[in-house]
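Trainee: Next one to model:
(chains A, B and C)
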Amino acid sequence: MAKNETAPIVLEAKGITKKFPGVLANDNVNFDLRKGEIHALLGENGAGKSTLMNILYGLYHPESGEVVVDGNRMQLNSSRDAIKHGIGMVHQHFMLIPVFTVTENIMLGEETSHRAAPNENPLVRLDRKEVAQRVRDLSHQYGLEVDPEAIVGDLPVGLQQRVEIVKALYRKANILILDEPTAVLTPQEAEDLFRIMHDLTAKGVSIIFITHKLKEVLAVADRITVMRAGRVVGTTVPKETNEQKLAAMMVGREVILTVQKGPAKPAEEVLRVENLHVKDVRGLEAVRGVSFSVQAGEVLGIAGVQGNGQTELAEALTGLRHIESGRFMLSGKDLTNKPPRVITETGLAHIPEDRQRHGLVLSYSVADNMVLCDYYQPRFSKGIVIQQNQVDENAQKLIKEFDVRTPSAFVNAGKLSGGNQQKVIVARELSRPVKLVIASQPTRGLDVGSIEYIHKEIIAMRDRGVAVLLVSAELDEIMSLSDRIAVMYRGQIVETVDHKDATREQLGLLMAGVHAAA
Amino acid sequence: MQSEKKSGLSLKTLFRSALDAMLIPFLAILTAVVLGGIIIAIVRGNPFLAYYGLIDGSFGSAKALSETAVWATPYIFGGLAVALAFKGGLFNIGAEGQLALGATVSALIGYALPGWLGVEIPTIIHLPLAIIVGMAAGAIWAAIVGFLKAYTGGHEVINTIMMNYIALNTISFLLNGPMKDPDPNNVIARTPLIADGARIPTIFEGLRVHWGFIFALLVAYLVWWVLNKTTLGFEIRTVGMNPDAAKYAGINVKRTIILTMALSGMLAGLAGTIEVTGLNYRHELGFSIGYGFDAIAIALLGKSHPLGVVLAAILFAAMRNGATRMQFLTQMPVDLISMLQALILLFVAADAIIRYIYRIKAQGERVVLTRGWGG
Amino acid sequence: MDWKRFGFILLIIVVLFGIVVLIGRTESTPIIIITSMMATTIAVATPLTLGALSGVFCERSGVVNIGIEGMMLSSAFFGWLTAIYMYHVFGFGQGISIFVGLLGAIVTGMLMALLLAVLSVTYKVDQIIGGTVINILAVGLTGFLNRQMFFGQGSVFGGEIPNSPGTLLNVHVPLSEVLNPICGASADCVEIVRALNTVLDQRPIAISAIVLVFVAHYILFNTRWGLRTRAVGEHPKAADTVGINVVKMRYANVIIGGALAGLAGAYFTIESVPSFEPLLTNGRGFISLAAMIFGNWTPIGAWTAALVFGASQALNIKLQLFREVIPPQWAFLQQSYVVGLIPYILTMIILTGIIGRTTPPAADGQPYEK
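Mentor: Numbers count the residues shown, from 1 in each chain, chains lettered A, B, ... in the order given. The predicted structure is shown next:
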């Protein structure tokens, strides 16, 4: 795999330092990229990878340090400068406009780049036909098939990613930054992407591959640079390292990659879902006839690539989304289309997918957030009058119990780190007497310490005889926590397997809609 | 945030946070006053004399004080109406229509009910009835908008404005027609005088200030209590801050939106009702014009806090009241006040400008109202 | 514009025109009534059309503008004041005074828009509050200056409002001249052409409003400027990553919107009548916004919606005209306030979305933070 180590350096960052209020995001960071290589940048969430890339792409301006492209020191004032120097970036959250066509998205900002002289006349007529033709040519040249007339919002994420890559190539990028490109892909789609990456490097493109997934790094990278807490910890090559070593570099200590747990002791059925049909925001059927059940004392993991109906399923079961047909029962009680409060009172704890949107009121204190779902209960209210003392006491107790790192219970939740915000939610939800926990993407975007903590709590709930429904797009998380794994694809559960029998390859195929039975 | 570490609510921190909250509005007023003075000077007036007139006219005598309180009464109610809606994440630009409707309906109860029943009604029944019906009219008028917001997503900003025009046109029709004062000498679009039994007594002999002012202060306290100490207030604020989280927390968001609008409209209706029963003893067309915008300015200046609203309302009242004296002394038109108030509002809304001028660090959260149009 | 909404618009217009024809049938022929109603509709829809276009430019770039009302009001005032100053104080001729007044109105709109842009783009004030500030400022400013300029101490006009130099005049479109020879001897044909000509003979701002609808459509959907504007309103971050200056685009579009609102303001005091009264815009800025929403943030859609509002206002005008001859069963309409409510009620119905939901630009109303 190792490429020519004497290939010229095309991009170099020297001594980059970038501060944000209260955070040193990049601390004297050095990084270089050789022509035609795939250089992986590995690190936890918040390690400073994205900050560094945004600096290389001209979106942020560092306090000190310099960027050298093709041997010339560059002043990158905006992404426009980066583009001019042949740098292209595929962001983790695609920078595409859903209501525009592929062509419009690609030409945006370079509407007339095909002309010899740059023409900045704002009223110049858009030549969609010509750009579409160039898009087709590029697609053929690099094997990135995409329909230039399609509306981007209608395309699956895998294709949207291709549009992003074509967009960079259209701008004649020879340095490509891919920010967590596999987060939204099935294992098969990811394989496809790796093939494309290799094709691109063969044609002389150099790639920076940002990720926090150890397996991928080892599979595709020529070199690996690890970042932690804003600093570069070290650079290595795949054959001199392994997952354990990389994880230790990332986190700064030995990490147990698997969750410690005993065998499950499933008891009575707690959640029963029968032939559920649910529509998504756009009114399209997202859950199409899903049935399953979860027993007390077990974790059922719902695996699947994002956007296959898991979000809608979780929202339907928590009363946030209307159920078109079918029903579900919690402890034998039919709760179909009941308001969230009724479901909560029946014994549901819900760790929502989007913690800042659903789980917290960021401008409320930690204490108020900890009673968000039961402020009206006699514990906290006499009649209509809220007993602030009780609310505060409850917060003090939970902060200690769940190790929430906060200056006090009266600080706004918005001021806490992502991991501690999630702990506030976990504390609130898991401290109530519940029968079922629905945890949606419970560790998304968190640091390893918080992830370990939340995993431990979920298993503790299971061992206390609570039924757990875990929805996650992280296959590793699903495999290490679940007792049974149901794979969702296009709104249906394609198969449910026991965790002892499950393999990554088999689950990957199921997630792509391929039945392993054959 | 350091000072909060030990205990949440020591008196010192409470005092400091109150001072912090009042700093920006105070500086906004100061800046607007200076700017206003420059404008006065430009149009060849004497700014010092003008401001002297303003202060003398509003606080210089018992009568001036009484009149300031009289002006402040509807401002407090109106400001509270808008502030309460703000807390619930709603922008009630329709206080004007709700106020006018409340005034019209309570005037109707005030002058016509004894005739319909054929008996004299004692104050203990007649006055509360006139007030309650006026409140209810304002509440229903605003609740319609709340309903449309909750169930169809129709944006309350445009809908409350439309409801204003519908209310004002309808009232104009009523006051020129069926409800017009039948006095043969009357050429104005106004109702007859209300019965003595429907009138709020004055506090002091010979001064116009009435118990409605005290009532307004009590209502301000009540609004503060409901918002901060009750489950209903928690629900209103949660929906206002984050409707998604509110839904997740099991709060009935639609019901809360309608209720918030109804309460807001009720407060606006009270402004009109108290004006009729406490001061004018009738409703007259055109009296309500401009109150809606004033109420918004007061709520913003008061940072949507009931105490802030009371203080802002008294300031605006003093300006309105003192304007006549100012005009007498300097021949500056009374309309100068509107511009001064607009400037204050500008600086309160764009507190970043004030922070920039006086080099104050940003903190706290901002109001978010623009959540896309309905439709 | 989908069929449901198009059908609704057609239905309302047919009903409104039908009522006028029925009421006026003893006075005039249907063709004359319809064409005169059409002419009035186009004329009174002018400020609504321009206001809606103003909204389209602002909101397509991601800035909610509820300050259109205030922009119109202040432009109406300052345009008129400029014209008066030019005419009476500086002694220019009528034509030049009116023209400079028109420019004054447009510049006023642009300055008010600049203030909105500073508040909402630079200082990230909630855009609805920013717009409200514009509205309140406009009322205060025009009220104060209207009094101060004419009745204040040392006013050059000495306590009275002088006559304005007048209004813009009708532009004659030579339709009859071209078509009459083709009609030949047919009197009916000549009559129809003459009637149609009255529809086309509008004043300059009304005509420019219609032209601007199509110009705006072309710019938004077929030029670089339009593509970038829409990108900034849909997903500013995406636009930023391809090197588009989001702040600059928003400023420019809001100021373009201000110029359009300024032209709308000029309609009131430079084109329609040569006088100003406080609060004369009377909610039309807000109705413009409803037209913009109903038109799904497109210029042509917004224009058709503006025509519906225009038609209901035209009906009100015609009812006054036919006051003497209204048949008894229609008498209730005479109570002009009933018909006057139509635009407001229509606006509320449209906002419920029963007649087709529309989608605002995705980043409408959101300040851009890097």
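Trainee: Pretty sure residue B:37 sits against residue B:47.
Mentor: Yes: with contacts counted by CB atoms under 8 Å, residue B:37 reaches residue B:47, the gap being 3.5 Å. (Glycine included, C-beta is placed from N, CA and C.)
Trainee: Write out the residues of chain A neighbouring chain B.
Mentor: Within chain A, the positions near chain B by CB under 8 Å from any CB of the partner chain are A:318-320, A:339-341, A:344, A:350, A:352, A:357-364, A:368, A:372-373, A:375-376, A:381, A:384-386, A:388, A:392, A:407-412, A:414-415.
Trainee: neighbouring contacts of stretch B:334-344?
Mentor: For stretch B:334-344, contacts defined as CB atoms under 8 Å, 6 or more residues apart in numbering or on different chains pick out B:28-29, B:31-33, B:35-36, B:39-40, B:50, B:290, B:294, B:297, B:301, B:316, B:319-320, B:323-324, B:326-327, C:133, C:136-137, C:139-141, C:143-144, C:146-148.
Trainee: likewise stretch A:322-340?
Mentor: Identification of contacts with stretch A:322-340 by CB under 8 Å, 6+ apart yields A:270-279, A:285, A:289-291, A:316-320, A:342-343, A:346-348, A:435-436, B:247-250, B:252.
Trainee: Buried subset of the residues you listed as a ChimeraX selection?
Mentor: Buried residues within the contacts of stretch A:322-340, by 16 or more other CB atoms under 10 Å in any protein chain shown, are selected in ChimeraX with:
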select /A:270,271,272,273,274,276,277,278,279,290,316,317,318,319,320,343,346,347,348,435,436 /B:247,248,249,250,252
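Trainee: from the contacts of stretch A:322-340, which are also near chain C?
Mentor: Filtering those for proximity to chain C by CB under 8 Å from any CB leaves nothing.
Trainee: Using CSV, list the CA coordinates for stretch A:10-20.
Mentor: Extracted in CSV, the C-alpha atoms of stretch A:10-20 (Å, rounded to 0.1, in the frame of the first residue of the first chain):
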residue,chain,number,x,y,z
VAL,A,10,1.7,19.4,-2.1
LEU,A,11,0.3,20.8,1.1
GLU,A,12,1.9,21.7,4.4
ALA,A,13,0.5,23.3,7.5
LYS,A,14,3.2,24.7,9.8
GLY,A,15,2.7,25.6,13.5
ILE,A,16,-1.1,26.3,13.2
THR,A,17,-2.6,27.7,16.3
LYS,A,18,-6.3,28.5,16.5
LYS,A,19,-8.3,29.7,19.6
PHE,A,20,-12.0,29.8,20.1
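Trainee: Of the contacts of stretch A:322-340, which belong to strands?
Mentor: The strands, defined by DSSP state E, take in A:270-279, A:285, A:289-291, A:348, A:436 from these.
Trainee: And those residues, which is closest to chain C?
Mentor: When these are ranked by distance to chain C (CB to the nearest CB), residue A:279 comes first, at 15.4 Å.
Trainee: Find the closest residue to chain B in chain A.
Mentor: The minimum distance from chain A to chain B, using CB to the nearest CB, falls at residue A:341 (3.1 Å).
Trainee: Please verify my assumption that that residue contacts residue B:250.
Mentor: Yes: assessed by CB under 8 Å, residue A:341 is found in contact with residue B:250 at 3.1 Å.
Trainee: Could you pull out the residues contacting both of these two?
Mentor: With CB under 8 Å, 6+ apart, residue A:341 and residue B:250 have common neighbours residue A:319.
Trainee: Closest one of the ones in strands among the contacts of stretch A:322-340 to residue C:215?
Mentor: Minimum distance to residue C:215 across the ones in strands among the contacts of stretch A:322-340 is 40.5 Å, recorded for residue A:279 (CB to CB).
Trainee: Would you enumerate the residues in contact with the closest one?
Mentor: Residue A:279 sits next to A:285, A:286, A:312, A:322, A:324 when contact means CB under 8 Å, 6+ apart.
Trainee: is it in a bridge, and if so with what?
Mentor: Beta-bridge pairing for residue A:279 (DSSP bridges): residue A:285.
Trainee: Next, residue 314: phi, psi?
Mentor: This is for chain A. Main-chain torsions, residue A:314, degrees, to the nearest 10: phi -60, psi -40.
Trainee: Would you mind measuring from it to residue A:277?
Mentor: Distance of residue A:314 to residue A:277, computed by CB to CB, to the nearest Å: 15 Å.
Trainee: Please apply the same query to residue B:226.
Mentor: Applying CB to CB, the value for residue B:226 to residue A:277 is 42 Å.
Trainee: cool, and residue A:88?
Mentor: According to CB to CB, residue A:88 and residue A:277 sit 42 Å apart.
Trainee: Minimum distance to chain A, which residue of chain B gives it?
Mentor: For chain B, CB to the nearest CB, closest residue to chain A: residue B:250, 3.1 Å.
Trainee: leaving aside the residues next to it on the chain, what's closest to the most centrally placed residue in chain C?
Mentor: Against the mean C-alpha coordinate of chain C, by CA atoms, centre = their mean, the closest residue is residue C:47 at 1.7 Å. Of all residues not flanking residue C:47 in the chain, residue C:264 sits nearest, at 4.2 Å (CB to CB, 6 or more residues apart in numbering or on different chains).
Trainee: and the one you found, how many neighbours?
Mentor: Counted with other CB atoms under 10 Å in any protein chain shown, residues neighbouring residue C:264 total 33.
Trainee: again with residue A:418
Mentor: Quick note: residue A:418 (other CB under 10 Å) scores 16 neighbours.
Trainee: Hmm, residue A:443 and it touching each other?
Mentor: No: at 10.0 Å, residue A:418 does not count as touching residue A:443 under the criterion of CB under 8 Å.
Trainee: Give me the common contacts of those two.
Mentor: Shared contacts of residue A:418 and residue A:443, defined by CB under 8 Å, 6+ apart, comprise residue A:450.
Trainee: Distance-wise, check residue B:68 relative to residue A:347.
Mentor: Look at residue B:68 and residue A:347: by CB to CB, they are 58 Å apart.
Trainee: same deal with residue B:129?
Mentor: Here residue B:129 is placed at a distance of 48 Å from residue A:347 (CB to CB).
Trainee: Around chain B, which positions in the stretch 201-350 of chain C sit nearby?
Mentor: Residues of the stretch 201-350 of chain C lying close to chain B (CB under 8 Å from any CB) are C:279, C:282-283, C:286, C:289-290, C:293-294, C:335, C:337, C:340-341, C:344-345, C:347-348, C:350.
Trainee: In helices, which of the residues you listed fall?
Mentor: Among those, DSSP state H puts C:286, C:289, C:290, C:293, C:294, C:337, C:340, C:344, C:345, C:347, C:348, C:350 in helices.
Trainee: Write the PyMOL selection for whichever of those are buried.
Mentor: Command for PyMOL, covering only those of these found buried under the criterion 16+ other CB under 10 Å:
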select buried, chain C and resi 286+289+290+293+294+337+340+344+347+348+350
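Trainee: Report the two of the ones in helices among the residues of the stretch 201-350 of chain C next to chain B separated the most.
Mentor: Greatest spatial distance in these: C:293 and C:337, 25.4 Å, computed using CB to CB.
Trainee: Could you dump the contacts of residue A:279 into a markdown table with pLDDT added?
Mentor: Shown next, in a markdown table, are the contacts of residue A:279 (pLDDT from 0 to 100):
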| residue | pLDDT |
| --- | --- |
| A:285 | 93 |
| A:286 | 93 |
| A:312 | 95 |
| A:322 | 96 |
| A:324 | 96 |
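Trainee: ranking these by neighbours, who comes first?
Mentor: residue A:312 leads the contacts of residue A:279 on contacts (other CB under 10 Å) with 25 neighbours.
Trainee: Excluding chain neighbours, give the residue nearest to that residue in space.
Mentor: residue A:286 (4.0 Å).
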